[in-house]
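K.L.:
Here is the input, now give the coordinates:
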Amino acid sequence: MASSLVTRKLLKDACQVQVYAARAYGGGHGHSDVPIPLQKVNIGKREIVGYGVNGEANYIDTVMAPFPAIRFKEDVGEIAKLREKERGDWKKLTLEEKKALYRASFCQTLAEVEAPTGEWKSIIGLVLVGVSIGIWGYIWMNRVVYSDLPDTITDEEKVKAQIERMVALRVNPVEGLTSNYDYEAGKWKE
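P.N.:
Numbering: from 1, shown residues only. Take a look at the predicted model:
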C-alpha cells in the first residue's frame, strides 16, 4: 500500500516536470537543445492538485478558474491528519472536519469570491474629492489668477459698436457673423 502511494507520487512529480517543460517551451514540440526549466516556486509543502489559471504552481481565487493549481494551506499538523482520514470513508468525517479540509484547499468559497466588496464607495469618494478639488481650483483661478474681463466684452454699447464695425468691413461674409446680415436691405436676415 505504501509503495504504491510512493510510486504514484513519483509519477505525479515526473509528469509535473514534463508538463512544466512542455508549457515553458512552446508545448513540447521536440526542442532537444532547450533544458528543462528550473521552477523556483515557493509553495512549501502544498500539494499541486491541478492546472490552475495559467499552468503555473500558484494559488488564486477566481471564478474564471475555480480550481487553483495548489492547495491554499500546507498539509501539516491537524490538516495532515485530516488528509489521512479523508482517504477513508467520508461518512466518518464530521461536518467541521469537512469544512477544515475545504478551507485547507481553498481560501474562499465561490460565494465569498463573488460577494460585493464595497470598493465602489471608495471609488465614488475619490472621484468626488477630485471633482471638488477641480471646482475649488476653478474658483481660485477666477478670483486670484485671472483679471476682470475687459469692458470691450462686458459693455453692451462697445459690443454693438464692434458688431457694426464688422458689418461695415464685411468681415467673413460667407460663414461668419456678417453672413446673417442683408447688405441690400441694410438689416439682419430673419
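K.L.:
can you give me the end-to-end distance of stretch 173-185?
P.N.:
Between the start and the finish of stretch 173-185 there is a gap of 15 Å, counting by Cα to Cα, to the nearest Å.
K.L.:
now stretch 49-66
P.N.:
Note: stretch 49-66 ends 12 Å apart using Cα to Cα.
K.L.:
so where is this protein shaky, pLDDT-wise?
P.N.:
Where the chain drops to pLDDT under 70, the residues are 1-41.
K.L.:
for it, what spans make up the strands?
P.N.:
Listed in chain order, the strands of the chain (DSSP state E) span residues 181-182, 187-188.
K.L.:
Quickly run through the sheet partners of the last one, with directions.
P.N.:
Looking back up the chat, that one is strand 187-188. Sheet pairing here is set by DSSP bridges, and for strand 187-188 it gives strand 181-182 (antiparallel).
K.L.:
can you pull the contacts of the closest residue to residue 47 other than its chain neighbours?
P.N.:
Distances taken as Cβ to Cβ, 6 or more residues apart in numbering put residue 71 closest to residue 47, at 5.3 Å, once the chain neighbours are dropped. All C-beta atoms are positioned from the backbone trio N, CA, C, and that covers glycine. If a contact means Cβ atoms under 8 Å, 6 or more residues apart in numbering, then residue 71 has 46-47, 49, 59, 104-105 as its contacts.
K.L.:
hang on, the earlier thing: turn the strands of the chain into CSV, including distance to residue 100.
P.N.:
What follows is the strands of the chain, written out as CSV (distance: least, Cβ to Cβ, whole Å):
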stretch, distance to residue 100
strand 181-182, 88
strand 187-188, 86
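K.L.:
So which of the ones you listed is the most surrounded?
P.N.:
strand 181-182 (a mean of 14; mean count of other Cβ atoms under 10 Å).
K.L.:
That one: how far from the chain's middle?
P.N.:
Between the mean C-alpha location of strand 181-182 and the chain-wide mean there is a distance of 59 Å, by Cα atoms, centre = their mean, to the nearest Å.
K.L.:
Check stretch 100-107 too.
P.N.:
Its chain's C-alpha centre lies 26 Å from the corresponding centre of stretch 100-107 when counted by Cα atoms, centre = their mean.
K.L.:
and if you look at stretch 49-59?
P.N.:
The answer for stretch 49-59 is 20 Å, by Cα atoms, centre = their mean.
K.L.:
same question, stretch 143-158
P.N.:
In terms of Cα atoms, centre = their mean, the centre of stretch 143-158 is set 48 Å apart from its chain centre.
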